[in-house]
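*Asks:* got a predicted structure plus its sequence, pasted below:
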Amino acid sequence: GDSVTQMEGPVTLSEEAFLTINCTYTATGYPSLFWYVQYPGEGLQLLLKATKADDKGSNKGFEATYRKETTSFHLEKGSVQVSDSAVYFCVRGGGGSNYKLTFGKGTLLTVNP
Amino acid sequence: DAGVTQSPTHLIKTRGQQVTLRCSPKSGHDTVSWYQQALGQGPQFIFQYYEEEERQRGNFPDRFSGHQFPNYSSELNVNALLLGDSALYLCASSLSRRYNTGELFFGEGSRLTVL
């Protein structure tokens, strides 16, 4: 079935460090891919998305590229801030008439000043 | 504009009891999805409602049921509670025509503890 595997956390970085959170997905069909973020005390929210191969999603300095050949969608940011501390989820869309989103387990990121 | 609101925020039940969780979608949204998030795990899809019908169901037993009302709000019911049903239950709303863009809006969830 559909699945998403993402880097286990927690990840602790210093401010201005480079961030990578790895994510791979099952390749059945042509799913859309997303990164969702959950800040402390808030609901999940969409961070960025990519709907087809080679698309690059970006938002708030974060980027992720849909790599069909490696079935990956790694999240990157060049310089993290304390305010980026949150749980990040890699998510696979179902596609077509499959409305189910499949989430990875989440990666807790803590950024220290 | 209020986002997705869920109630109650926390509740404690005992095994065998029944629970009803409620969700009001973001204004203008017609589709409601429910997810279960166990501690340390990602959310798992329970089902989705659109036009007052269950449109798709995940791998959850029949003890989990739902309803969508004409104003698009929704309820999740769980019967014969088990200890393993303890989790955060998330409601997500969206516009049906934009669902595959991933533009879901999540509530903060209802945390259910089963003793």
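*Replies:* Nice, thanks for sending it over.

*Asks:* residue of chain A closest to chain B, please.
*Replies:* Closest to chain B within chain A is A:F103: 3.1 Å, counting by Cβ to the nearest Cβ. For glycine as for every other residue, the C-beta is placed from the backbone atoms N, C-alpha and C.

*Asks:* counting neighbours, what do you get for that residue?
*Replies:* When neighbours are counted by other Cβ atoms under 10 Å in any protein chain shown, A:F103 registers 22.

*Asks:* ok, now B:A87?
*Replies:* By other Cβ under 10 Å, the residues close to B:A87 number 20.

*Asks:* quick one on the thing from earlier: so the residue of chain A closest to chain B makes contact with A:F89?
*Replies:* Yes. At 5.0 Å, A:F103 counts as touching A:F89 under the criterion of Cβ atoms under 8 Å.

*Asks:* re the thing from before, list the contacts of the closest residue to the residue of chain A closest to chain B other than its chain neighbours.
*Replies:* In space, and not counting its chain neighbours, A:F103 is closest to B:G42: 3.1 Å by Cβ to Cβ, 6 or more residues apart in numbering or on different chains. Applying Cβ atoms under 8 Å, 6 or more residues apart in numbering or on different chains, we find B:G42 in contact with A:4, A:89, A:103-106.

*Asks:* can you tell me how far the residue most central in space within chain B is from B:G84?
*Replies:* Centroid check for chain B by Cα atoms, centre = their mean gives B:W34 as the closest residue, at 3.0 Å. For B:W34, the distance to B:G84 (Cβ to Cβ, to the nearest Å) stands at 17 Å.

*Asks:* need the residues of chain A near chain B, please.
*Replies:* Chain A has residues A:4, A:32, A:34, A:41-46, A:49, A:51, A:89, A:91, A:93, A:95-96, A:98-106 near chain B, with proximity defined as Cβ under 8 Å from any Cβ of the partner chain.

*Asks:* 6 Å instead, please
*Replies:* Selection of chain A residues close to chain B by Cβ under 6 Å from any Cβ of the partner chain yields A:34, A:43-44, A:46, A:49, A:89, A:99-100, A:103-106.

*Asks:* hmm, which of the residues you listed is lowest in pLDDT?
*Replies:* Across the residues of chain A next to chain B, the smallest pLDDT goes to A:Y99, namely 84.

*Asks:* verify the stated contact: it with B:E54.
*Replies:* No. Counting by Cβ atoms under 6 Å, A:Y99 stays clear of B:E54, with 11.0 Å between them.
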